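**Student:** dropping the sequence and predicted coords here.
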Amino acid sequence: MGQFSKAIGPSGLGCPNILAKHRDGAFVCSRVKSIEVGNRTNYQLVSRPFTFSTGRCFHDQQVVMGLLYPHLVAVFFDSSGDLLKKEERMLSFQAQRVVDSGAFRVSEKGFQEKMVKELTHWQKMIGFAECRISVKPFFFHDERIGIEDMPFHLREVIEHPDLIEDGDPFGLASEIKRWTREGDYVFWWCEDYYIDKKCQKEFDANLGDHDRNDHGEA
């Protein structure tokens, strides 16, 4: 099973270059030529425990599915990795709300057990078998689900080079070159995760991790 790490940087920002709106409100991404990574057209994804699951299902389709509270969400692709559709199912129960904050306790054991039970039931209905999948670029902006070649803060520097301070004290130029050379990418499932090109290595790009939880949980 591959590993992921949370990425820092502004959240809620999708693919920078939109060509066309796909069915179900998704966007198919066209990468900026200056940050295109080799000739890659497909990206590998593997399950991340308690976050999302990847696998194959009936009709030789590929799928990534998991919790985006208050829904369970599944994104389906054909065997070549082309986006097919997105489906949502409302949970039959609610998470407890944190007093005075409006956040939901989605990481509590009792909630997780109920959520996994409903997710597993759905997986059985579609013939889900967990495995690594290979998909083409896509992005659902409303849910922040999708793939990007590079974190937002690096794309922003490429589009606005004047943002680099004199002497480049944060090493942004070298970091852009590293991403381009090594072929790493970002997968969004409400939060953003840095993934190495083989979908095997956990890393933080020497930038550290953040502690936010997009379900509103501290």
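**Tutor:** Happy to help now that I have it.

**Student:** look up phi and psi at the residue nearest the centre of the chain.
**Tutor:** In the chain, the residue lying closest to the centroid (Cα atoms, centre = their mean) is Trp188, at 1.9 Å. Backbone torsions of Trp188, given as degrees, to the nearest 10, read phi -100, psi 130.

**Student:** same check on Gly110?
**Tutor:** According to degrees, to the nearest 10, Gly110 has phi -60, psi -40.

**Student:** and it, how close does it get to Gln96?
**Tutor:** 9 Å (Cβ to Cβ, to the nearest Å). In this view, the C-beta of every residue, glycine as well, is placed from N, C-alpha and C.

**Student:** please apply the same query to Lys117.
**Tutor:** To Gln96, Lys117 is 17 Å away according to Cβ to Cβ.

**Student:** how about Trp179?
**Tutor:** Trp179 is 40 Å from Gln96, by Cβ to Cβ.

**Student:** with Glu182 instead?
**Tutor:** According to Cβ to Cβ, Glu182 and Gln96 sit 42 Å apart.

**Student:** neighbour count for those two, which is higher?
**Tutor:** Neighbour comparison, Glu182 and Gln96: the larger count goes to Glu182, with 15 against 12 (by other Cβ atoms under 10 Å).

**Student:** identify the residue nearest the more buried one in space, chain neighbours excluded?
**Tutor:** Distance criterion Cβ to Cβ, 6 or more residues apart in numbering; nearest residue to Glu182, sequence neighbours excluded, is Lys197 at 6.3 Å.

**Student:** many thanks, have a good one.
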